[in-house]
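Enquirer: Predicted structure and sequence below. I'll ask about it afterward.
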Amino acid sequence: MSRVEIFDPAMCCSTGVCGPSTDPELTRFASAVFSLEKKGLDIKRYQLTIEPDKFAENSHVSKVLHEKGPDSLPIILVNDQIAKIGEYPSNKELASWFDVKAEELNEKPRVRLSLNIKKQ
């Protein structure tokens, strides 16, 4: 079973839907990660702004950041080995690492909102 770790650049959220414009690549990737997590597979994301210690603790990530700087992010590790630098993996790559079908990674997270509006 594969273990994948994603070391994201500094950003306000991992979905790409915050801020003035939506990044379709981040949205695609967040949906794929959601689908893999829902299956109980070992995939973790770390954001530089939230968990800088994870970046410093990992010798592979720390070395890349020292040599190439923060523009090298995201850094993707598969089973503790660097698999990609500077771009997110495709759904096909994720599927091959976890031995699932790429089509299984297209599920979108659903958020249910509940509003309690009181008349005044």
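Expert: Looks like it arrived, so ask away.
Enquirer: Tell me where this structure has helices.
Expert: 24-38, 52-57, 59-68, 91-98 (DSSP state H).
Enquirer: could I get those as JSON lines with distance to Val4?
Expert: (Glycine included, C-beta is placed from N, CA and C.) Shown next, in JSON lines, are the helices of the chain (distance: least, C-beta to C-beta, whole Å):
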{"stretch": "helix 24-38", "distance to Val4": "8"}
{"stretch": "helix 52-57", "distance to Val4": "14"}
{"stretch": "helix 59-68", "distance to Val4": "13"}
{"stretch": "helix 91-98", "distance to Val4": "6"}
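Enquirer: how far away is Ser2 from Leu41?
Expert: Distance of Ser2 to Leu41, computed by C-beta to C-beta, to the nearest Å: 8 Å.
Enquirer: Spit out the residues that contact those two alike.
Expert: Phe98 (C-beta atoms under 8 Å, 6 or more residues apart in numbering).
Enquirer: So for the two, which residue has more residues nearby?
Expert: Leu41 (18 against 15; other C-beta atoms under 10 Å).
Enquirer: Please tell me how far the more buried one sits from Glu57.
Expert: On the measure of C-beta to C-beta, Leu41 and Glu57 end up 22 Å apart.
Enquirer: before we move on, back to that, quick check: which of the helices of the chain is nearest to Ile75?
Expert: Nearest of these to Ile75, taken as C-beta to C-beta: helix 59-68 at 5.3 Å.
Enquirer: Now do the same for the closest one: mean pLDDT, whole number.
Expert: Averaged across helix 59-68, the pLDDT comes to 97.
Enquirer: Only alpha carbons, please: show it as PDB.
Expert: The C-alpha coordinates for helix 59-68 follow below in PDB (Å, rounded to 0.1, in the frame of the first residue of the first chain):
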ATOM      1  CA  SER A  59      15.000  15.700   5.000                       C
ATOM      2  CA  HIS A  60      13.900  15.400   1.300                       C
ATOM      3  CA  VAL A  61      11.600  18.400   1.500                       C
ATOM      4  CA  SER A  62      14.000  20.500   3.500                       C
ATOM      5  CA  LYS A  63      16.800  19.800   1.000                       C
ATOM      6  CA  VAL A  64      14.700  20.700  -2.100                       C
ATOM      7  CA  LEU A  65      13.500  23.900  -0.400                       C
ATOM      8  CA  HIS A  66      17.100  24.800   0.600                       C
ATOM      9  CA  GLU A  67      18.400  24.200  -3.000                       C
ATOM     10  CA  LYS A  68      15.400  25.500  -5.100                       C
END
